[in-house]
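*Asks:* Fold the following.
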Amino acid sequence: MKIAIVGTGLLGMQAALFFHAMDCHVILLGAENERPLGGELARLGAFCPELVSNDPDCQQTYAELAHMCKNLGQKCEELGLLIRGRVTLIRKCTLTLAGPLIGDARMRDLFRLHYRRSTYESFVDADVVIDARGPGRPCGLSLDGARALGESDIKSSKLIYGIPGPEQWQEIERDLPNMPDPIRVLICGSGETSACLFLRWVQVLKNSSKALSLVVLSDEQKFYGQLKQDEYFRPKLEAAINWGHENYQNAYAKYGQDLKAWEALEDYVQAKVPKPVPPRFQIEFIGEAHVQAIDAPVDRKDLFLTYDTVRWDHGELINKGPFTIGADLVFVATKRFPAQDCSVILLPDEPGHYHLRASPPLKNGLLNIELIKRDLSRFFHRA
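*Replies:* Next up, the predicted model:
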C-alpha cells in the first residue's frame, strides 16, 4: 500500500512513522523551505516558547511539543520519507488495462498529487492520501477560496502566513530600520497565532525608536471571547491593549500642550514653527473584517489589503465596504475551510482520501490515525 501524507506538522509526521512501521510505502510531502519540520506547532514553540497549551489534558508547553516535532522530523528525513514541494493539485488517476503498470501500481483508481518546487514541477501516485495540513493553510483569501490578485508574486518577507520562521523573523528585524516611518503592520485573525503575533509586535513597538502602527483585523471582544479561559493569553493581551490606550492618551495629552504652546506664539513665529500633528492609535482593532484581497502594485513598495465588514443588526445583514488599507507587513492567521484547498475536486466521501485534523483537542488527531488505519483495513480488504 502506497500512502501519501500532505503536511509535515506533528500529526502528519506521526502518521508517516505509524504507517511506515506497518511496512507501508509512505511519502511525506512538506514545504520546500520548512526547517525544522513541525508546521505551525514548531514555529509557535520557537516564536513564543513560554506559551502553555490550552488543552487541559496536555501539560506540555509548545516549546516541548516543538522539540518533539524536531525529533520526529529528523526521523522522517533519516528514513527517506520526505519529499520537499508544495502540493498544488490532488486528483484521481485511473489506470486502464491499456495503460502501463509500473512498479507497485495497481489496476484500479489511484490518487495523483502534483507538487511544485522552486526549480521544477512533478507528481506522485498513491493508493491513499492523508491531508494533514490543517484548516489554517494558505489557499487564497477571498470567500470563494480563489487566490488574491497578485498574491503569488508577493515576497514572503512582506506577506506571511501564520507564525514566521526563524529566518523570516531575522529578515524582518533586519529590514525594520530601512522601512518607512511609521511602519504599518497588519495582523488578520483572532486565534492563538494572531495573539502571539500581536504580543510580539507590541514588544517591538515598546522597544522600537521608530513609529509603528499595529492594526489587527479582529475586534477586542473576539480576542477576549476566544482566549478568555487561557491563563497565558488573557492577562498578556489585556496588559498590551491597556498599554496601547495609555500610550495614546499620554501622547494626546502632550499634543494638547504642544498645540497650546504653538497657538501662544506670535503669528510670524507660528509661520516658522510647524503646527503639532495629533497622534493616532498605534494599536488599532478593526472588527467584523473579511479579507478579500492582498495586492502588491508594481509602482509601490507597500501592500494593499482590501476588506469589507459584515454584521447582523436586528436580523438584518449589513455589509459595508470594500475598504482598502496600506501596510508594509501583512500576517495572515485566518483559518480556511477544509473544502477550500487543492483537493476540492474530490468527492466528499472519496474512499482512500482522509483529512487529519489536530483540534479539538490535539490528542483526538492521534486517535484519528488509528481510525484511518481501521478504515484502510476494510477498504483494502474489499479491493
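*Asks:* from here on, contacts and neighbour counts on C-alpha atoms
*Replies:* OK.
*Asks:* who's in contact with the residue nearest to I183 when sequence neighbours are not counted?
*Replies:* Nearest in space to I183, with sequence neighbours left out and distances taken as CA to CA, 6 or more residues apart in numbering, is L212 at 4.6 Å. The neighbours of L212, taking CA atoms under 8 Å, 6 or more residues apart in numbering as the test, are 181-185, 205, 282.
*Asks:* Of these, which belong to helices?
*Replies:* With helices taken from DSSP state H, the overlap with the contacts of L212 comprises L205.
*Asks:* between the contacts of L212, which is nearest G39?
*Replies:* V185 (23.2 Å; CA to CA).
*Asks:* Next, count neighbours for that closest one.
*Replies:* 20 (other CA atoms under 10 Å).
*Asks:* burial count for R357?
*Replies:* R357: 21 neighbours (other CA under 10 Å).
*Asks:* Same check on P278?
*Replies:* Summarising burial for P278: neighbours were counted as other CA under 10 Å, giving 13.
*Asks:* Which residue comes closest to it once chain neighbours are left out?
*Replies:* In space, P278 is closest to Y255, 6.1 Å off (CA to CA, 6+ apart).
*Asks:* what comes up buried for the helix or strand harbouring that neighbour?
*Replies:* Element membership for Y255, per DSSP states H and E: helix 233-263. Buried residues in helix 233-263, counted by 16 or more other CA atoms under 10 Å: 233-234, 237, 240-241, 244, 247-248, 252, 255, 258, 262.
*Asks:* circling back: from what I see, the residue nearest to P278 and V277 are in contact.
*Replies:* Yes - contact criterion CA atoms under 8 Å: Y255 and V277 qualify, at 7.3 Å.
*Asks:* Quick one: distance of the helix or strand where L72 lies to the chain centre.
*Replies:* Here L72 sits within helix 62-78, counting by DSSP H and E. Relative to the centre of its chain, helix 62-78 is centred 20 Å away, using CA atoms, centre = their mean, to the nearest Å.
*Asks:* Tell me where the stretch 51-200 of the chain has helices.
*Replies:* Remark: helices assigned in the stretch 51-200 of the chain by DSSP state H, counting those that start in this stretch are 62-78, 166-175, 192-207.
*Asks:* Tell me which of these sits nearest to I369.
*Replies:* Closest approach to I369 among the helices of the stretch 51-200 of the chain (CA to CA): helix 62-78, 15.8 Å.
*Asks:* List the contacts of stretch 121-138.
*Replies:* With CA under 8 Å, 6+ apart, stretch 121-138 has contacts from 1-9, 11-12, 93, 109-116, 161-162, 333-338, 352-358.
*Asks:* Pull out the buried members of these.
*Replies:* The buried subset of the contacts of stretch 121-138 - by 16+ other CA under 10 Å - is 1-9, 11-12, 110-116, 161-162, 333-336, 338, 352-358.
*Asks:* So which of those are in helices?
*Replies:* Checking the buried ones among the contacts of stretch 121-138 against DSSP H, those in helices are 11-12.
*Asks:* Now do the same contact list for the residue nearest the centre of the chain.
*Replies:* Computing the C-alpha centroid of the chain and ranking residues by CA atoms, centre = their mean puts G162 first, at 2.7 Å. Contacts for G162 were tallied using CA under 8 Å, 6+ apart; they are 40, 136, 193-194, 331-333.
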